[in-house]
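Participant: build me a structure from this.
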Amino acid sequence: MHDDRTLVEARLRRVLDERIRPAVYPESLPLRVAVWHAPGEPVPVAEGLAAEPEPIEVGARWGAPWGTSWFRVTGTVPEAWAGKTVEALLDLGFDENMPGFQCEGLVHRPDGTPVKGLNPRNQWVRIGAPAEGGEEVCLHIEAASNPVILDYHPFLPTRLGDKETAGSEPQYTLTRMDLAVFDETVWQLVMDLEVLGELMAELPVDSARRHDVLRAVERALDAVDLQDVNGTADRARERLTGVLSAPAVPSAHRISAVGHAHIDSAWLWPLRETVRKVARTTSNMTALIEDEPGFVFAMSQAQQWAWVKEHRPEVWARVKKAVAEGRFVPAGGMWVESDTNMPGSEAMARQFVHGKRFFLDEFGVENEEAWLPDTFGFAAGLPQIIRAAGSKWLLTQKISWSRTNKFPHHTFQWEGIDGTRIFTHFPPVDTYNCSMKGGELAHAARNFRDKGRARHSLAPTGWGDGGGGTTREMVAKAARLRDLEGSPTVIWETPRAFFQKAEAEYPDAPVWVGELYLELHRATLTSQARTKRGNRRSEHLLREAELWAATAAVRTGFRYPHEDLDRIWKTVLLHQFHDILPGSSIAWVHREARATYARITAELDEITAAAQRALAGAGDRELVFNAAPHRRAGVPAGGAGAHLLPRGTSLAPRADGGFVLANGLLRVEIDALGLIVSAYDIQADRETIAPGKAAGLLQLHQDFPNMWDAWDVDEFYRNTVTDLTGAESVQAGEDGVSVRIARAFGDSRVTQVLSLPPGERRLVIDTEVDWHETEKFLKLTFPLDLHAERYASETQFGHVFRPTHTNTSWEAAKFEACNHRFVHLEEPGWGAAVVNDSTYGHDVTRTVRTDGDRGTTTTVRVSLLRAPRFPDPETDQGVHRFRHALIPGASIADAVREGWRINVPERRLTGAHEVAPLVTVDNDAVVVTAVKLADDGSGDVVVRFHEAYGGRARATLTAGFEVADVTVTDLLERPSDDTEPPERDGDRITVRLRPFELVTLRLRR
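Facilitator: Below is the predicted model:
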């Protein structure tokens, strides 16, 4: 037989595009349209409905950037259409290639009832099935003219990302406002042909099944009268019955489809717009659930659910009904889909506390899965946190974006730093916007790396980010793919049902140990430095406020501010969303974030000050309050008392120019250029700085990645570097015991102050940068005379080790990595640490000196600032302040302690008496991360702590109050079934911890 395969396939494409799809709506007539443009920000629904609109014609331009327009469309169903299915087709000016990244709408009835969302691939509204002739149609559309930020030529700088700079030029052209007859038979034929055409394209050319499908499609096309598609569609569908009913082979891959709409809580739109995106999507999905039995939709991010409840109660009622039916599923158990690299220990824990508690309180639903499809890599401390929250599974697909190495598993056990394992799944479909296309499903089956041992994978299905979620077309395709020869099987299931099946079939799943590093988006550890500083500061201020408020509540009856702390925590958690904290959102988002962090700081400072005043009483004694988990200068952790002043620091001129700082523990030489050429550990008789090198050096790189400007730094940035050695001045600081260096470069200026605190083995570097560069990357350098094959970076509830070498592509790909408060390197018996108060990105490299002692130079470089131009063209312009410290001779214990010191400074207050800690721990390896009152208002004291050095630890926790009972709990403060009760002797509790083990105790007073 002659091969006419390509001829038939081309015929299918043209007939579908030019004859069959247009026949889905064989009759239409225009609706009357009027519009009212809301001034300023969005208005309540009642106001939008009551406004008096002006007539507007199809073809007219509308919608200033970030504006809201209320369209009223009216018309009458013709008598001739009685008994037919009638829909309104409402095209606001959509580009179907950009679902979720442009204008959107929410349709309301005249009484304000929401109907469904309007999106680029979801433009219809059902009027009647069957319709009544003469029926009056009146719909109101709340339309958002969100500008296109990520256009066909992506990553171009634009001022559209902030309403303050976006201008008022209309963004869209009103394209279609029609009433139309919907021919379901033709639509079903379209679905049949799309499924078979897509299946055919994925089958081997020489397979019998491909040719069976080809001939069936050919017969169906022969049956269509191109001048009477509507009259012959039934006949064409009959020709396809056989190939559509052929069952899948027994070994077919099995896909659990989960209705999904990944909605970024902010990204190329502000937070306020996400509130409306969620309302549109949930309206769509509740409507689809009513129309499609068996369809299941899952939505993560408790914050987004809370927005629906607060802002759209009429939509919330529909959501609650669908949840009760088991069709609309709370997923993930987190407040938002946060970044997981940068949030601190407590913040990462509270993501699960507040997320899970919301779903438990509202629906009685206990999430067992963490759902993070789009997060930019996963810290090695996360498995223990997931388990401590009462969950046991994780889903993400983001690691498929890695550029260098292909991850070896799709389903596996992920082991964290403490040994906790979490059953983890990476959907092999490699998208969280699956649309049930044959190519996507075939890719999932081919790509699945656990064949022969497992057969199940999950496909998050639907358009996200305001694209409207799952469509009726996706549901129709899934129905045909449920059991179809040549295709994976597809069934709608909840995440829980999928994980139960996947875990049961793969009890010996392979194990991946350590972080899940995304080999992409590394620059998110640095972009938008003010947002990152606000996050770090807020995390520590919350810890202080809880500690002092709890202490004051127990000791003095101080009113513990449960509601305020709950609200502030949720605000901080929201801003840890994976496009806010990473710095990859538009200017509007980060402008608002800066203002939010300023308000949070003021509010938390006031809570802390009020609690400390209550504790100290009226008096004139100077007291130092120490909120850190370690004793400082005689003041106990969590207490207040007199501060013991150590002996002082000296500053002297250096013979070759510059200065020498000394305090009896360290001797630091700063040369005439203001660079640190020596940091000598007197006690160890050892130099810290590598020979011929200088610490404190600022290095400037060109930084223009191939794409994803705010997200990415590509390795070639290292090819060009400028050492900023020119100094305008190097002089003694105003205090007489520090050195101040001023430099200028490009359009920017920097001031550094180097100081050596008395009695401390710590060189502090305060850096202030007035930054006005473009597409540059600024690093702070510490070349250390230290030979180490690995180094430690702090992460949640411990630290993770990374190699300093690049033996393999996996190691080479980690050329930029994340730390929290410290990076630590050591040889046996001696080490060094670099600690920080607000930075996360860094790199560590090593070289062997070819002259002199032929020793090893290991260089730590801290990432300070970037200047990408997309999506915020003014990223990080302006003044920034950073504090870092170099700790020569540091052990891991020193690194932990000094990391806390630089982030939690002492507070001074006059009062009547010292304040004893509410709880004390007798082992510095056991670090207390939270002291608070229980969230349920019972007055119980909750203490969370972990082993911080990476070894086993025994510690006695002593309560500074009478304890009636002690309970080991999960993160939600519920009794834990997994842990043996601790030993107790009155108010003394003895615990034994594994390396990095996390424990929460609830102490009943």
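Participant: mind checking pLDDT for the most centrally placed residue in the chain?
Facilitator: For the chain, His578 is the residue whose C-alpha lies nearest the centre (Cα atoms, centre = their mean; 2.1 Å). For His578, the pLDDT comes out at 98.
Participant: quick one, what contacts it?
Facilitator: Listed by Cβ atoms under 8 Å, 6 or more residues apart in numbering, the contact partners of His578 are 264, 336-339, 372, 374-376. The way it works is simple: take the backbone N, C-alpha and C, and place the C-beta from them, glycine included.
Participant: can you tell me which of those residues are in helices?
Facilitator: Secondary structure of these is defined by DSSP state H; no position falls in helices.
Participant: could you pull out the strands in the stretch 701-850 of the chain for me?
Facilitator: Taking DSSP state E, counting those that start in this stretch as the test, the strands found in the stretch 701-850 of the chain are 721-724, 729-732, 738-745, 748-755, 763-771, 776-785, 790-795, 798-803, 817-818, 822-827, 830-836, 841-848.
Participant: return the most buried member of the ones you listed.
Facilitator: Highest mean neighbour count among the strands of the stretch 701-850 of the chain (mean count of other Cβ atoms under 10 Å): strand 830-836, with a mean of 26.
Participant: run a quick check on Gln699 versus Asp723, I expect a contact.
Facilitator: Yes: Gln699 is in contact with Asp723 according to Cβ atoms under 8 Å; the separation is 5.8 Å.
Participant: closest one to Thr68 among the strands of the stretch 701-850 of the chain?
Facilitator: Minimum separation from Thr68 across these (Cβ to Cβ) falls at strand 763-771, 35.3 Å.
Participant: in the stretch 901-1005 of the chain, where is pLDDT below threshold?
Facilitator: Along the stretch 901-1005 of the chain, no part satisfies pLDDT under 70.
Participant: residues contacting Leu756?
Facilitator: By Cβ under 8 Å, 6+ apart, the neighbours of Leu756 are 649, 661-663, 666, 668, 737-738, 762-764.
Participant: for Asp212, that is, sorry about that
Facilitator: Asp212 makes contacts with 243, 246, as judged by Cβ under 8 Å, 6+ apart.
Participant: okay, the helix or strand that contains it in PDB with CA atoms only?
Facilitator: According to DSSP states H and E, Asp212 maps onto helix 208-223. This file holds the C-alpha atoms of helix 208-223, laid out as PDB (Å, rounded to 0.1, in the frame of the first residue of the first chain):
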ATOM      1  CA  ALA A 208      -0.200  -1.100  13.300                       C
ATOM      2  CA  ARG A 209      -2.100   1.100  15.900                       C
ATOM      3  CA  ARG A 210      -1.000   4.300  14.200                       C
ATOM      4  CA  HIS A 211      -2.300   3.100  10.900                       C
ATOM      5  CA  ASP A 212      -5.600   1.900  12.300                       C
ATOM      6  CA  VAL A 213      -6.100   5.400  13.800                       C
ATOM      7  CA  LEU A 214      -5.100   7.000  10.500                       C
ATOM      8  CA  ARG A 215      -7.600   5.000   8.500                       C
ATOM      9  CA  ALA A 216     -10.400   5.700  11.000                       C
ATOM     10  CA  VAL A 217      -9.600   9.400  10.900                       C
ATOM     11  CA  GLU A 218      -9.700   9.300   7.100                       C
ATOM     12  CA  ARG A 219     -13.100   7.600   7.100                       C
ATOM     13  CA  ALA A 220     -14.400  10.200   9.500                       C
ATOM     14  CA  LEU A 221     -13.200  13.100   7.400                       C
ATOM     15  CA  ASP A 222     -14.800  11.400   4.400                       C
ATOM     16  CA  ALA A 223     -18.100  11.400   6.300                       C
END
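Participant: which residues sit against the lowest-mean-pLDDT helix or strand in the chain?
Facilitator: Lowest by mean pLDDT, DSSP states H and E among the helices and strands of the chain is strand 983-985, with a mean of 90. In this structure, residues lying in contact with strand 983-985 by Cβ under 8 Å, 6+ apart are 963, 966, 989-991.
Participant: which one of these is nearest to Glu202?
Facilitator: Val991 (56.6 Å).
Participant: now the closest one, nearest residue through space, not along the chain?
Facilitator: Once flanking residues are discounted, Val991 sits nearest to Pro982: 5.0 Å by Cβ to Cβ, 6 or more residues apart in numbering.
Participant: would you confirm that that neighbour contacts Arg988?
Facilitator: No: between Pro982 and Arg988 there is no contact under Cβ under 8 Å: 10.0 Å.
Participant: name the residues contacting each of these two.
Facilitator: Counting by Cβ under 8 Å, 6+ apart, nothing touches both Pro982 and Arg988.
Participant: picking up where we left off before, what sits against the residue nearest to Val991?
Facilitator: Counting by Cβ under 8 Å, 6+ apart, Pro982 has contacts 966, 968, 989-991, 1001.
Participant: what does the helix or strand encompassing Trp316 contact?
Facilitator: Here Trp316 sits within helix 313-324, counting by DSSP H and E. Defining contact as Cβ under 8 Å, 6+ apart, one finds that helix 313-324 is touched by 112-114, 279, 282-283, 285-286, 289, 297, 305, 308-309, 328-330, 362-363, 365.
Participant: after the longest helix seen in the chain, which helix or strand is next?
Facilitator: Identified as the longest helix of the chain according to DSSP H is helix 587-616. As assigned by DSSP H and E, the chain's next helix or strand after helix 587-616 is strand 621-626.
Participant: mind saving the C-alpha coords of that next one as PDB?
Facilitator: Provided in PDB are the C-alpha atoms of strand 621-626 (Å, rounded to 0.1, in the frame of the first residue of the first chain):
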ATOM      1  CA  ARG A 621      19.400  49.900  86.300                       C
ATOM      2  CA  GLU A 622      20.700  49.300  82.800                       C
ATOM      3  CA  LEU A 623      19.600  45.900  81.600                       C
ATOM      4  CA  VAL A 624      20.700  44.000  78.500                       C
ATOM      5  CA  PHE A 625      18.000  41.700  77.100                       C
ATOM      6  CA  ASN A 626      19.500  38.700  75.300                       C
END
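Participant: shaky segments in the stretch 601-750 of the chain?
Facilitator: The model of the stretch 601-750 of the chain has no residue with pLDDT under 70.
Participant: try 90
Facilitator: Within the stretch 601-750 of the chain, the segments meeting pLDDT under 90 span 643-648.
Participant: just the chain next, same as before
Facilitator: In the chain, residues with pLDDT under 90: 1-3, 99-100, 466, 643-648, 851-853, 977-982.
Participant: hmm, 80 instead?
Facilitator: Low-confidence segments of the chain (pLDDT under 80): 1, 645-647, 978-980.
Participant: now do the same end-to-end measure for stretch 933-943.
Facilitator: Start-to-end span of stretch 933-943 (Cα to Cα, to the nearest Å) is 9 Å.
Participant: do stretch 879-895 as well
Facilitator: Criterion Cα to Cα; first-to-last residue distance in stretch 879-895 is 28 Å.
Participant: and Glu563, what element?
Facilitator: helix 562-574.
Participant: off-centre distance for that helix?
Facilitator: 18 Å (Cα atoms, centre = their mean, to the nearest Å).
Participant: then it to CSV, C-alphas only?
Facilitator: The C-alpha coordinates for helix 562-574 follow below in CSV (Å, rounded to 0.1, in the frame of the first residue of the first chain):
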residue,chain,number,x,y,z
HIS,A,562,-2.1,36.0,69.9
GLU,A,563,-4.1,37.7,67.2
ASP,A,564,-1.4,40.2,66.3
LEU,A,565,1.4,37.6,66.1
ASP,A,566,-0.9,35.3,64.1
ARG,A,567,-1.6,38.1,61.6
ILE,A,568,2.1,39.2,61.3
TRP,A,569,3.3,35.6,60.9
LYS,A,570,0.9,35.1,58.0
THR,A,571,2.1,38.3,56.4
VAL,A,572,5.7,37.2,56.6
LEU,A,573,4.8,33.8,55.3
LEU,A,574,3.0,35.3,52.4
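Participant: and that helix, what's buried?
Facilitator: Neighbour counts using 16 or more other Cβ atoms under 10 Å place 565, 568-574 of helix 562-574 among the buried residues.
Participant: what do you get for stretch 430-441?
Facilitator: Of the residues in stretch 430-441, 430-438, 440-441 count as buried by neighbour count, 16+ other Cβ under 10 Å.
Participant: thank you, goodbye.
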